[in-house]
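[1] Structure for this input, please:
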Amino acid sequence: MTQLQQYGFKEPFTSEATALLTQAGHENYLIGRITLEHKHSYRIRTEQGELLGTISGKYAYNAFMRKDYPAIGDWVLVEQMPGEQRCLIHKLLTRTSTFSRKMAGLEIDEQIVATNVDLVFIVMSLNHDFNVRRLERYVLAAWDSGASPVIILTKKDLCEDVTSFIEQAEQVAIGVPIYAISTLTGEGIEEIQNLLIPHKTAALMGSSGVGKSTLTNALVEEEKMTVQHIREDDSKGRHTTTHRELFVLPKGGILIDTPGMRELQLWSTEGALESSFSDIEQLADACRFRDCSHKNEPGCAIQQALSDGSLEQARYASYVKLQREIRYLEQKTNKQAQLAETRKWKQVSKQLKNKKKNRL
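    Numbering: from 1, shown residues only. Next comes the predicted model:
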């Protein structure tokens, strides 16, 4: 197995890379995967070993939005600098999945957490950290990314009523696999390892102090990540992981560890709600009227379910809140996309004018 294959190089990346490398001027370029992202520099794994990369001037000139820039997990086309372990990034290969969130704060912009992952491991601990509303958000973001969510409930050895937590998770994450584990006793670790077969990539997501770094060390089978203890009174932890990093596991899978997120504001589309809230979507389909607002109309299946208790009021309120949040984001991002497109064509027009002047 080549180094690239160890890092998950498979279709459709292989076909796209082959086509790119046959283009004129690309003969000496290399394909690599970004294993660490730090501000505007990247650590990239290639067949020539590990290189430190930055984007080329032309790449930067043609990048108009955050999604245009490389991120952890991306496959890129690079040019190694002669005699150095450094390179320039010239091309970003098409992503198969992108886990994003809205940047923290008032700014309306996308923060890409990880790309080209097959599984999103949503990690919550079996203590005060467990929060079903937050879990709904993570599951929604995972489905929207193009990857498949998996829920991992940690610190099983410290919990007396694991079943209750699992039942709560099942109610808001319909059909999503759930594993309760203990990194202290090792219970459940093998089940997680079995999910990470060769060429498959998973990303760990969750709050600080839930045990992501401890789980990473258990899966990598090496003390790669520093571990800090949580406060016993509220089960909250400090940020241990300060950057995103990609690891190859002993059994062949690939794992991306990410810093704890204090909040997860969605960067999503309306369609993702169908997977995360399939129970409510099915009820809406059963309403008497197609344009039912689910308020006072006769024959409203959702209002009936709320009345008889088969649909939890808090879950429906969360669904409505997320709908509003997504629609607001879509309005803002559509305006951003229009502005980016305008900037792009201004640059194209400028380039054409310069070429015309040079010919005269």
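
[2] Next up, the contacts around Leu311.
    Neighbouring residues of Leu311 by CB atoms under 8 Å, 6 or more residues apart in numbering: Asp279, Ile280, Leu283, Ile302, Ala305. C-beta here means a position set from N, CA and C on the backbone, and glycine is covered the same way.

[3] Give me the nearest residue to the residue nearest the centre of the chain, chain neighbours excluded.
    The centroid of the chain falls nearest to Phe99 when counting by CA atoms, centre = their mean (2.3 Å). Nearest residue to Phe99, sequence neighbours excluded (CB to CB, 6 or more residues apart in numbering): Ser145, at 4.0 Å.

[4] OK, contacts around the one you found?
    Contacts of Ser145 by CB under 8 Å, 6+ apart are Ser97, Thr98, Phe99, Ser100, Val117, Val120.

[5] so what's it scoring on pLDDT?
    Here the pLDDT value assigned to Ser145 is 91.

[6] Tell me which stretches of the stretch 151-300 of the chain form strands.
    178-180, 201-206, 244-248, 254-257 (DSSP state E, counting those that start in this stretch).

[7] And those: which comes nearest Arg66?
    strand 244-248 (14.7 Å; CB to CB).

[8] now stretch 122-131, how far from the centre of its chain.
    On the basis of CA atoms, centre = their mean, to the nearest Å, stretch 122-131 sits 19 Å off its chain's mean C-alpha point.

[9] Quick one: end-to-end length of that stretch, please.
    Start-to-end span of stretch 122-131 (CA to CA, to the nearest Å) is 12 Å.

[10] hang on, the earlier thing: return the closest of the contacts of Leu311 with respect to Arg133.
    Checking these one by one against Arg133 (CB to CB), the nearest turns out to be Ile280, at 14.5 Å.

[11] ok, the closest one touching Tyr319?
    Yes - the criterion here is CB atoms under 8 Å, and Ile280 meets it with Tyr319 at 5.2 Å.

[12] For the nearest residue to Pro198 once chain neighbours are set aside, give me its contacts.
    Leaving out its chain neighbours, the residue that sits closest to Pro198 by CB to CB, 6+ apart is Gly252, at 3.2 Å. Going by CB under 8 Å, 6+ apart, Gly252 touches Gln6, Leu196, Ile197, Pro198, His199.

[13] related to what we said a few turns ago, please report phi then psi for the residue nearest to Phe99.
    phi -70, psi -20 (degrees, to the nearest 10).

[14] next one: the one 3 residues further on
    Geometry field for Ser148 lists phi and psi as phi -100, psi 130, criterion degrees, to the nearest 10.

[15] need the strands of the stretch 151-300 of the chain in TSV with mean pLDDT, distance to Pro298 and mean neighbour count, can you?
    Converted to TSV, these look like this (pLDDT from 0 to 100; distance: least, CB to CB, whole Å; neighbours: other CB atoms under 10 Å):
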stretch	mean pLDDT	distance to Pro298	mean neighbour count
strand 178-180	97	38	18
strand 201-206	95	42	26
strand 244-248	92	51	20
strand 254-257	96	50	25
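
[16] now the ones you listed in CSV, with distance to Thr163?
    What follows is the strands of the stretch 151-300 of the chain, written out as CSV (distance: least, CB to CB, whole Å):
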stretch, distance to Thr163
strand 178-180, 9
strand 201-206, 21
strand 244-248, 32
strand 254-257, 28
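
[17] Out of those strands, the one nearest Thr216 is which?
    Here strand 254-257 is closest among the strands of the stretch 151-300 of the chain (CB to CB), at 4.7 Å.

[18] Now do the closest one: distance to the chain's middle.
    Worked out by CA atoms, centre = their mean, strand 254-257 lies 11 Å from the chain centre.

[19] counting residues per strand, which one in the chain is longest?
    strand 30-38 (DSSP state E).

[20] What pairs with that strand, parallel or antiparallel?
    When pairing is defined by DSSP bridges, strand 30-38 lines up against strand 41-46 (antiparallel), strand 75-80 (antiparallel), strand 244-248 (antiparallel).

[21] and among these, the most buried is which?
    strand 75-80 (a mean of 23; mean count of other CB atoms under 10 Å).

[22] Pop the domain breakdown of this structure in here.
    Per automatic domain parsing, the structural domains of the chain span 3-92, 98-257.
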